[in-house]
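Q: Based on what follows, work out the 3D shape:
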Amino acid sequence: MDVTTDLKGVNAEAKKRMEGVIEHLRHDLQGIRTGRATIGILDGVHVDAYGTRMPINQVATLSVPDPTLILATPFDPTLMGAVEKAIRASDLGLNPANDGKVVRIPVPALTEERRKELSRHVHKITEEGRSNVRVVRREANERLKKLLKDKKIPEDDERKGLDEVQKLTDHYIVVIDDLQKKKDADLLGK
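A: I've put the predicted structure just below:
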């Protein structure tokens with residue numbers, strides 16, 4: 001096997017996995033409400049429909065007519081109650097009401113205490129993201145050390161590979177820090 005293929009393979013896999021961590025983190029952060037209505041806050045809501053649990057966006061059209069309101073229009077009007085119940089049962093603190101045609105979901109302004117609580121949650125999930133990036137780094141470094149031990153790469157290439165993995169790690173940690181700062185600014189108005 002070609003030396004560069006081994007190094008490139010380890011680095012490419014590490015980069016791909018770290019990008020996966022970032023995408024997962026972005027999705028998790030999108031689900032944290034900031035006091036403004038976005039359909040993304042309903043991503044984790046699942047509705048009991050047709051004998052199974054389905055994501056809300058598969059049973060209803062979601063729209064945001066103004067910054068404090070989300071509308072859910074079920075494709076099947078018989079699911080109106082199930083959509084309302086699913087939103088109420090979620091831990092989002094939303095209180096939906098249906099008028100027979102649509103489910104209106106007012107998004108109340110966040111209290112200062114709730115903003116701080118959400119900020120702590122943001123810090124927790126971003127720290128998990130940083131930890132996951134470090135796990136990828138450790139596994140990539142172990143693979144590089146194994147390649148050296150098995151004499152598939154020389155020491156210089158191992159050192160180069162370790163440096164490259166560290167640069168990737170540093171880059172993605174900065175991306176996570178930026179995502180955290182941005183979400184905190186949305187939550188706390190800083």
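
Q: Low-confidence ranges, this structure, go.
A: 1-5, 35, 190 (pLDDT under 70).

Q: Leu62: what secondary structure?
A: strand (DSSP: H, G, I helix; E, B strand; the rest coil).

Q: Look up the residues forming beta bridges with it.
A: Beta bridges link Leu62 to Ala72 when assigned by DSSP bridges.

Q: how much space between it and Asp184?
A: For Leu62, the distance to Asp184 (Cβ to Cβ, to the nearest Å) stands at 26 Å. Where you see a C-beta, it was placed from the backbone N, CA and C, and this is true even at glycine.

Q: go on, Arg120?
A: Relative to Asp184, Arg120 is positioned 10 Å away (Cβ to Cβ).

Q: out of the two, which sits in the busier spot?
A: Set side by side, Arg120 and Asp184 show more neighbours around Asp184, with 18 against 9, by other Cβ atoms under 10 Å.

Q: Per the annotation, how does the protein divide into domains?
A: Recorded structural domains for the chain (assignment: automatic domain parsing) are 3-31+111-188, 39-106.

Q: Just the CA coordinates for stretch 94-101, please, in CSV.
A: Extracted in CSV, the C-alpha atoms of stretch 94-101 (Å, rounded to 0.1, in the frame of the first residue of the first chain):
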residue,chain,number,x,y,z
LEU,A,94,-44.9,25.5,24.2
ASN,A,95,-48.6,25.7,24.5
PRO,A,96,-50.3,25.0,21.2
ALA,A,97,-54.0,25.6,20.4
ASN,A,98,-56.0,24.4,17.4
ASP,A,99,-58.9,26.1,15.7
GLY,A,100,-60.0,23.1,13.7
LYS,A,101,-57.9,24.1,10.6
